[in-house]
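Trainee: Below are the sequence and a predicted model; questions follow.
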Amino acid sequence: MSALHLIVAPPPTPNGDLHVGHLSGPYLAADIYRRYAMQRGDHAIYVVSTDDHQSYVDTTARRLGLSPEALIEQAHQDIQDSLEAYSIELTHFGQPNPEYIDFVKRFFTALASKRYIGVENVPVLFDTQSDSYPVEAFVSGRCPYCLEGTCGGICEDCGHPNSCVDLVGLDSRYEVRHEERLVLDLEQFRPTLDDYLGSLGTHRPALQRLINSLLSQKLKPLTISYKTPRGIETDGFGVGGQRLNVWAEMYPGHMYWLTKMAGDKVAEAQYVQFLGFDNSYFYVFVHVALALAGRQSGYQWPLPSAFITNQFYYLNTGKFSTSKGHAIWARDLATECNTDLARLFLAMHGPEYQEGTFSEQIFRMAVAEFAGKINKLADAYNRRRKSDDMTEGDLPGSLIGLMSREVPLSEYSNAVLARRAIHCLEYLEHLLSTKQEVPLASIPSAIALCLGPFCPMYTTELKRSCNITENSWTNLALCHTNATLPVIQEEYAHAL
């Protein structure tokens, strides 16, 4: 019986286009997982929406001399174009709208009625120069846990949260005040969080270290309303003149889009979250706590089956950064390189378990090598096709067994799947070029399955030329045509 997979990646901030660092992370990884799940006969829904209320929109708009609304409109289209350029196929690419805002408000109203969130007097940061209450992108200092330079809310380096007032090295312009804010008490969920997170067995090392560190001490309450210029108003939750913390908004926001796409099937589906490690605190602690509170407030939404994290990608010696303009933009690279091969490279060399560094020289060498492997196999097949009958039969059982083996979420890795696919292609080329007995009618289907999650443009062309429809490792579609397999140009491997 086929399963339903619900897949999300964090909403991209619409303060600019996507760069290669974004692609190396959750957006491509989630698309590869979706295609892999669908190859196995399952259904998959993959949704992403832009994070329109994020403070980084305001700071970037101010720097560029634009209104936040104008920046959001342009960036939303740019992000969508970049996703499409790399064949990242979303079930839906959303953007907050009145129905979305009402859905989010109803969720937090339900939690407030059950007293899972409430108004408390808490320390907040006040900027005496701008007469404002800075949070997130509006304030920076050093992380109280690792001393890395960071903005408010979360340290991208170590993953630990901060409450802005505890940032180290704050300017003298700031003072600490005590005011009423809407607060989520995370400690009340500790026993369930501890049991749930300990039961998954899917955490990558950096995430497991962060979980161990945070659970070794009392979980600090999270302030979930701010005095910021934009966002969802919190008047109905017991505090007026404030806006909802975007990281809290994000959880019911994800569920809004998933429910729009899957309806009542959401409750029984397998929910998998792809995210950068820097977002781990919010997804793994805050969102799960909100989910637990939601379950006690009438919402039957699934808990994640896995958090698939990735580390930072570096360009030279610095992190890819939209706000700092330190980036290779995704669509710039797409004008120079075949995006199928870029996907394959990022799947194999992306920073899944540790930080990585993007080198354009290595990238150029690798995509040419990938093109060479694919073309060598296509040439070997095309030569044999001219001289041999399109005999039916079975590929070696060892090959079928390896490629059809499901990778559990505890071991899931795009790099592992990509290497397995490349090794399969190399083996098929060896069988063909050494004149071994091989069922030619099965080869195109096997290639399509190997490359399907990574190279969707090439795979689509191959399946079209060979008239391949239903296809799986346990039931390979047979090619009865004399079609020639497509090749990829090797000059920077730009076009099919």
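Mentor: Yep, that arrived.

Trainee: Go through this structure and flag its longest helix.
Mentor: Identified as the longest helix of the chain according to DSSP state H is helix 360-387.

Trainee: Just the buried positions in it, please.
Mentor: 363, 366-368, 370-371, 373-382, 384-385 (16 or more other Cβ atoms under 10 Å). (Glycine included, C-beta is placed from N, CA and C.)

Trainee: before we move on, what about stretch 130-143?
Mentor: 133-143.

Trainee: Residues in contact with that stretch: which ones?
Mentor: 54-56, 58-59, 124-127, 148-153, 155, 157-158, 160, 162, 164, 167-170, 174, 226-228, 246, 323 (Cβ atoms under 8 Å, 6 or more residues apart in numbering).

Trainee: Can you tell me which of those residues are buried?
Mentor: 54-56, 58-59, 124-126, 150-153, 155, 157-158, 160, 162, 164, 167, 170, 174, 226-228, 246.

Trainee: Restricted to strands, list those residues.
Mentor: Counting by DSSP state E, the part of those found in strands is 124-126, 150-151, 174, 226.

Trainee: Going by distance to Lys435, which of these wins?
Mentor: Thr150 (61.0 Å; Cβ to Cβ).

Trainee: Any figure for the gap between the nearest residue to the closest one once chain neighbours are set aside and Thr13?
Mentor: Leaving aside its chain neighbours, Thr150 sits nearest to Cys143 (4.7 Å; criterion: Cβ to Cβ, 6 or more residues apart in numbering). Cys143 sits 20 Å away from Thr13, going by Cβ to Cβ, to the nearest Å.

Trainee: What of Phe237?
Mentor: As defined by Cβ to Cβ, Phe237 lies at a distance of 24 Å from Thr13.

Trainee: Output the buried residues of stretch 130-143 in CSV; the columns should cover secondary structure and distance to Tyr116.
Mentor: Formatted as CSV, the buried residues of stretch 130-143 follow (DSSP: H, G, I helix; E, B strand; the rest coil; distance: Cβ to Cβ, whole Å):
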residue, secondary structure, distance to Tyr116
Tyr133, coil, 24
Pro134, coil, 27
Val135, coil, 22
Glu136, helix, 23
Ala137, helix, 28
Phe138, helix, 28
Val139, coil, 28
Ser140, strand, 31
Gly141, strand, 30
Arg142, strand, 32
Cys143, coil, 28
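
Trainee: Switch those residues over to a markdown table; also include pLDDT and distance to Leu292.
Mentor: A markdown table is the format used below for those (pLDDT from 0 to 100; distance: Cβ to Cβ, whole Å):
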| residue | pLDDT | distance to Leu292 |
| --- | --- | --- |
| Tyr133 | 96 | 29 |
| Pro134 | 94 | 30 |
| Val135 | 95 | 25 |
| Glu136 | 94 | 25 |
| Ala137 | 92 | 29 |
| Phe138 | 94 | 30 |
| Val139 | 95 | 30 |
| Ser140 | 94 | 32 |
| Gly141 | 96 | 32 |
| Arg142 | 97 | 32 |
| Cys143 | 96 | 27 |
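
Trainee: Those into JSON lines, with extra columns for distance to Asn482?
Mentor: Shown next, in JSON lines, are these (distance: Cβ to Cβ, whole Å):
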{"residue": "Tyr133", "distance to Asn482": "71"}
{"residue": "Pro134", "distance to Asn482": "68"}
{"residue": "Val135", "distance to Asn482": "65"}
{"residue": "Glu136", "distance to Asn482": "60"}
{"residue": "Ala137", "distance to Asn482": "59"}
{"residue": "Phe138", "distance to Asn482": "65"}
{"residue": "Val139", "distance to Asn482": "66"}
{"residue": "Ser140", "distance to Asn482": "64"}
{"residue": "Gly141", "distance to Asn482": "68"}
{"residue": "Arg142", "distance to Asn482": "67"}
{"residue": "Cys143", "distance to Asn482": "63"}
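
Trainee: Out of those, which comes closest to Ala37?
Mentor: Glu136 (34.0 Å).

Trainee: How far off centre is stretch 397-409?
Mentor: 25 Å (Cα atoms, centre = their mean, to the nearest Å).

Trainee: Using CSV, write out the CA atom coordinates for that stretch.
Mentor: Coordinates of each C-alpha in stretch 397-409 appear next as CSV, following Å, rounded to 0.1, in the frame of the first residue of the first chain:
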residue,chain,number,x,y,z
GLY,A,397,19.8,-9.8,-9.3
SER,A,398,22.5,-8.2,-7.2
LEU,A,399,22.0,-4.9,-9.0
ILE,A,400,18.2,-5.0,-8.7
GLY,A,401,18.5,-5.9,-5.0
LEU,A,402,20.9,-3.0,-4.3
MET,A,403,18.9,-0.4,-6.2
SER,A,404,15.5,-1.4,-4.9
ARG,A,405,16.6,-1.5,-1.3
GLU,A,406,14.8,1.3,0.6
VAL,A,407,17.0,3.7,2.5
PRO,A,408,15.4,4.2,5.9
LEU,A,409,15.1,7.8,7.2
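
Trainee: in it, what counts as buried?
Mentor: Going by 16+ other Cβ under 10 Å, stretch 397-409 has these buried residues: 399-400, 403, 409.

Trainee: What of stretch 107-125?
Mentor: 107-108, 110-112, 116-117, 122, 124-125.

Trainee: Next: stretch 296-303.
Mentor: By 16+ other Cβ under 10 Å, the buried positions in stretch 296-303 come out as 297, 299, 301-302.

Trainee: before we move on, what about stretch 77-95?
Mentor: Neighbour-count burial for stretch 77-95 flags 78-80, 82-83, 85-88, 90-91, 93-95 (criterion: 16+ other Cβ under 10 Å).

Trainee: can you check stretch 315-334 too?
Mentor: Neighbour-count burial for stretch 315-334 [16+ other Cβ under 10 Å]: 315, 319-320, 322, 327, 329-331, 333-334.

Trainee: can you dump the C-alpha coordinates of that stretch into CSV?
Mentor: Extracted as CSV, the C-alpha positions of stretch 315-334 are listed here (Å, rounded to 0.1, in the frame of the first residue of the first chain):
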residue,chain,number,x,y,z
LEU,A,315,32.0,30.4,-0.6
ASN,A,316,35.8,30.9,-0.2
THR,A,317,36.1,31.6,3.5
GLY,A,318,32.6,33.0,4.2
LYS,A,319,29.1,31.7,4.4
PHE,A,320,26.8,32.2,1.5
SER,A,321,24.7,35.2,2.5
THR,A,322,21.9,37.0,0.7
SER,A,323,21.8,39.9,3.1
LYS,A,324,25.6,40.5,2.6
GLY,A,325,25.6,39.8,-1.1
HIS,A,326,28.3,37.1,-0.6
ALA,A,327,27.0,34.5,-3.1
ILE,A,328,26.9,32.8,-6.4
TRP,A,329,23.3,33.3,-7.5
ALA,A,330,21.5,30.2,-8.5
ARG,A,331,20.2,31.6,-11.8
ASP,A,332,23.5,33.0,-12.8
LEU,A,333,25.0,29.5,-12.5
ALA,A,334,22.0,28.1,-14.4
